[in-house]
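1. Below: sequence and its predicted model.
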2 protein chains.
Amino acid sequence: MPERSLRRAPAVERAARILDHLAQAGRPVGLSDLSRDLGVPKSSALGICETLVACGVLRPETEGYALSSHCLRWSAAYLSGTSLVSEFRRILLSDRGVSAYTVTLSTLDKDHVTYLDCRNSEQPLGFTFRAGLRLPAVYSATGKAMLAYISPEERRRLLSNPWPAPLTPNGSRDAQRFEDEMRLVRARGYAIDNGEIREGMICVGVPVMASSGQPSAGIAVSLTAAEATPERCDEIGARLSEVAASLALV
Amino acid sequence: MPERSLRRAPAVERAARILDHLAQAGRPVGLSDLSRDLGVPKSSALGICETLVACGVLRPETEGYALSSHCLRWSAAYLSGTSLVSEFRRILLSDRGVSAYTVTLSTLDKDHVTYLDCRNSEQPLGFTFRAGLRLPAVYSATGKAMLAYISPEERRRLLSNPWPAPLTPNGSRDAQRFEDEMRLVRARGYAIDNGEIREGMICVGVPVMASSGQPSAGIAVSLTAAEATPERCDEIGARLSEVAASLALV
């Protein structure tokens, strides 16, 4: 489709940004705030929001517009269209040595990872992963694992937005250092989030490679800094690679 | 907002219909099919789809456009913005006599119910409820329960589209008979899906009433026709009403 960049529907792009903004806010947002926060004229924002209300996608609340349950039908269709989640669960049931840990499955959505599923360990880390949670890819183990296995050009394109603000003092904004880390991930076969999402929590992640040769998802194990010895990380990385190889076949 | 019906964004309405269509199809759909199925000019559909691709909401696949994991962020935000799901789980944990059955929580989305959560019994009915599943409200127990407690005008408005096709021989298209059933639901305090979603499966549903006096959700128990004696339905209806009263306070 060569005309990909040509014909755009500006109102649709604004609608998607409004939905993203409401999702990020986590509460109803009024028209004036939406218009100001997104730099969209109030009349345009009104037309788009009222159209989304008429379609059932937004609900008008006294405090402003809120997302409705309508969005669930789109996400449920996405999830049932991918066998990744059911296979992830099936493989974890038959356990390959990672059952003691929290294990997550996520995909790359531009420069963020979106969690598709999570099998929480019985010893929670206090960090609750849930489907739909989004985190900056450059700080997450699955994000780094997936980014390491795409072309440098594609990686540059995905990371062309402003570098996300670190979530902890361990996060680095240094793009060159990140490229060095990408090489290390490929050499070692797994990526590490070294307390970059939450201090004291280490995650080990590997990519799930699709038949196209591109990563289709990532899986990771979360453990405490005390548990994460280099030997244990190597061991978990190897076991996750086995799980990822099974998932790659679905 | 008096101008609700005036200012609309036609491209946004088409975008929402495209997402709904892809969700219903459950597989990638090509541009020509989208254009034909939705009665939208191909050039307009192309612009909207490519905008949604640029926003990360759709993925281009070889067979056509597909929903991406981006939709999960909207549904996750909706779910975390409502305490209904967490309270539903908490209440069911402390069990009020419905633990032996599959219990579902859903909301009304125009003339359909959308399932928000489900606690499957250990003796499955073979009918898997999952979050995001949508069913015609007029045939489901929670849908009937919620429809019975809104005004006749609002009910007529919600049901103004063509009456949904019955899913089983037990479903009726008779709107007058449905109004009679609405009166019965209010008199009895609970609604019954009498094998209208699946033959041999009976569901008992009650509304969760918000402080506004309008139903905010519905909860239902599913049982087999053999289990569903009138006495047991009465008993379950009474117990569900207790759960709904607790949920109404959240």
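-> Noted; the coordinates are in hand. This is a predicted model, so every value here is computed, not measured.
2. What residue spans form the domains of chain A?
-> A:2-72, A:82-248 (automatic domain parsing).
3. Next, format the ones you listed as JSON lines and append mean pLDDT and distance to residue B:156.
-> The C-beta positions use only the backbone N, C-alpha and C, and glycine is treated the same way. Compiled in JSON lines, the domains of chain A are given as follows (pLDDT from 0 to 100; distance: least, Cβ to Cβ, whole Å):
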{"stretch": "domain A:2-72", "mean pLDDT": "90", "distance to residue B:156": "17"}
{"stretch": "domain A:82-248", "mean pLDDT": "88", "distance to residue B:156": "35"}
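4. okay, which residue is most central for chain A?
-> Centroid check for chain A by Cα atoms, centre = their mean gives residue A:113 as the closest residue, at 1.6 Å.
5. hmm, stretch A:157-171 in reach of chain B?
-> No. Applying Cβ under 8 Å from any Cβ of the partner chain, one finds stretch A:157-171 separated from chain B by no less than 10.4 Å.
6. Flag every buried residue along stretch A:153-172.
-> Within stretch A:153-172, the residues scored as buried using 16 or more other Cβ atoms under 10 Å in any protein chain shown are A:155, A:158, A:159, A:163, A:164, A:167, A:171.
7. Could I get the buried residue list for stretch A:41-53?
-> Neighbour-count burial for stretch A:41-53 [16+ other Cβ under 10 Å]: A:44, A:45, A:46, A:47, A:48, A:49, A:50, A:51, A:52, A:53.
8. Figure out the helix or strand that the fourth one lives in.
-> Take DSSP states H and E as the rule and residue A:47 turns out to sit in helix A:42-54.
9. Output the contacting helices and strands for that helix.
-> helix A:10-25, helix A:31-38, strand A:58-61, strand A:64-67, helix B:10-25 (3 or more Cβ pairs under 8 Å, 6 or more residues apart in numbering or on different chains; DSSP states H and E).
10. Could you check the angle the first one makes with helix B:10-25?
-> It refers to helix A:10-25. 70 degrees (axes from the mean of the first three to the mean of the last three Cα atoms, to 10 degrees).
11. if we can go back for a sec, distance from the helix holding residue A:47 to the middle of the chain?
-> 28 Å (Cα atoms, centre = their mean, to the nearest Å).
12. can you check stretch A:62-73 too?
-> 22 Å.
13. how far does it stretch from start to finish?
-> 25 Å (Cα to Cα, to the nearest Å).
14. Could you export the domains of chain A to JSON lines, including columns for distance to residue B:34?
-> Converted to JSON lines, the domains of chain A look like this (distance: least, Cβ to Cβ, whole Å):
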{"stretch": "domain A:2-72", "distance to residue B:34": "14"}
{"stretch": "domain A:82-248", "distance to residue B:34": "20"}
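15. for these, which one sits closest to residue B:17?
-> domain A:2-72 (7.7 Å; Cβ to Cβ).
16. top helix in chain A by residue count?
-> If you go by DSSP state H, chain A has its longest helix at helix A:230-248.
17. what's in contact with the strand or helix carrying residue A:183?
-> Element membership for residue A:183 (DSSP H and E) is helix A:175-188. Contact partners of helix A:175-188, identified using Cβ atoms under 8 Å, 6 or more residues apart in numbering or on different chains, comprise A:138, A:144-145, A:147-149, A:152, A:155, A:159, A:163, A:172, A:191, A:237.
18. what's the farthest-apart pair in those?
-> Going by Cβ to Cβ, the pair spanning the contacts of helix A:175-188 furthest: A:163 and A:237, at 26.0 Å.
19. Heading C-terminal from the helix holding residue A:183, find the next helix or strand.
-> Counting by DSSP H and E, the next helix or strand C-terminal to helix A:175-188 is strand A:191-194.
20. in its sheet, what does that following strand sit against?
-> Take DSSP bridges as the rule and strand A:191-194 pairs in its sheet with strand A:201-209 (antiparallel).
21. quick one: the strand it pairs with to helix A:175-188, angle?
-> 70 degrees.
22. Give the next helix or strand downstream of strand A:201-209.
-> strand A:215-224.
23. Quick one: list the elements packing against that following strand.
-> Going by 3+ Cβ pairs under 8 Å, 6+ apart, strand A:215-224 lies up against helix A:84-93, strand A:102-109, helix A:141-148, strand A:201-209, helix A:230-248.
24. Export the ones you listed as TSV, with columns for mean neighbour count.
-> Listed next are these as TSV, based on neighbours: other Cβ atoms under 10 Å in any protein chain shown:
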stretch	mean neighbour count
helix A:84-93	16
strand A:102-109	25
helix A:141-148	29
strand A:201-209	27
helix A:230-248	17
